[in-house]
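Colleague: take this sequence and fold it.
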Amino acid sequence: MIKFVCFYLCVLIVSGFLYDNPCDVFPKYSGGISNFNNFTTTVNVPAKCKNGTFRWDYPQGHAMLHFQNMHGMEIKICIKDSLGGTFFNVTDKATNERLATFDYENWSCTEQSSAKDILIQVDAPIMRIYVAAIEYKVFS
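Modeller: Numbering: from 1, shown residues only. Take a look at the predicted model:
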């Protein structure tokens, strides 16, 4: 039973990456993947997306996840591990506080905000890894 559940989850994760879901976001590189720890990129999460995945291949440096709050509602962004995402340090830029511990089962959330733009900073781990991903949800 456990093997079946693991297989099913792997199929869901891989299929999400293969079918070009606009809510599954990742850094877009020009000139190749960065090898610098001071690399920073902004990843825009489409405003219509209420849940999806942030995937980062060969993470190095920092990625800023930019969520738009078009209607100025009180919202919070929650994340949990999808694939090695616990290697990331994730910070709510509104408060400059690191999000609490998260894993495959437990979500960690930003404070509620009505700001038009919400930024979450994702710092790559110091050790080089192949790929890592986190799931996100927008709650209002």
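Colleague: quick one, strands of this structure?
Modeller: 24-25, 40-45, 51-57, 62-68, 76-83, 89-92, 97-98, 108-109, 117-123, 131-139 (DSSP state E).
Colleague: got the contact list for the most centrally placed residue in the chain?
Modeller: Centroid-nearest residue in the chain, with C-alpha atoms, centre = their mean: Phe54, separated by 3.6 Å. By C-beta atoms under 8 Å, 6 or more residues apart in numbering, Phe54 lies in contact with 24-26, 43, 45, 63, 65, 122, 133-136. In short, each C-beta sits where N, CA and C put it, glycine included.
Colleague: closest to Gly85 out of those residues?
Modeller: Closest approach to Gly85 among the contacts of Phe54 (C-beta to C-beta): Ile134, at 3.7 Å.
Colleague: for the closest one, give its distance to Met70.
Modeller: 23 Å (C-beta to C-beta, to the nearest Å).
Colleague: and if you look at Lys80?
Modeller: In terms of C-beta to C-beta, Lys80 sits 24 Å off from Met70.
Colleague: more neighbours: those two, which one.
Modeller: Lys80 (18 against 8; other C-beta atoms under 10 Å).
Colleague: report the contact partners of the more buried one.
Modeller: Contacts of Lys80 by C-beta under 8 Å, 6+ apart are 102-108, 134-135.
Colleague: these: which two are farthest apart?
Modeller: Longest span within the contacts of Lys80, C-beta to C-beta: Glu105 and Ile134, 13.4 Å.
Colleague: compare those two (neighbour count), which wins?
Modeller: Ile134 (26 against 7).
Colleague: check the more buried one and give its pLDDT.
Modeller: Looking at Ile134, its pLDDT is 97.
Colleague: what sits closest to it if chain neighbours are left out?
Modeller: Gly85 (3.7 Å; C-beta to C-beta, 6 or more residues apart in numbering).
Colleague: what's the one you found in contact with, if anything?
Modeller: So Gly85 contacts 79, 102, 132-135 (C-beta under 8 Å, 6+ apart).
Colleague: and with 7 Å instead?
Modeller: 132-134 (C-beta atoms under 7 Å, 6 or more residues apart in numbering).
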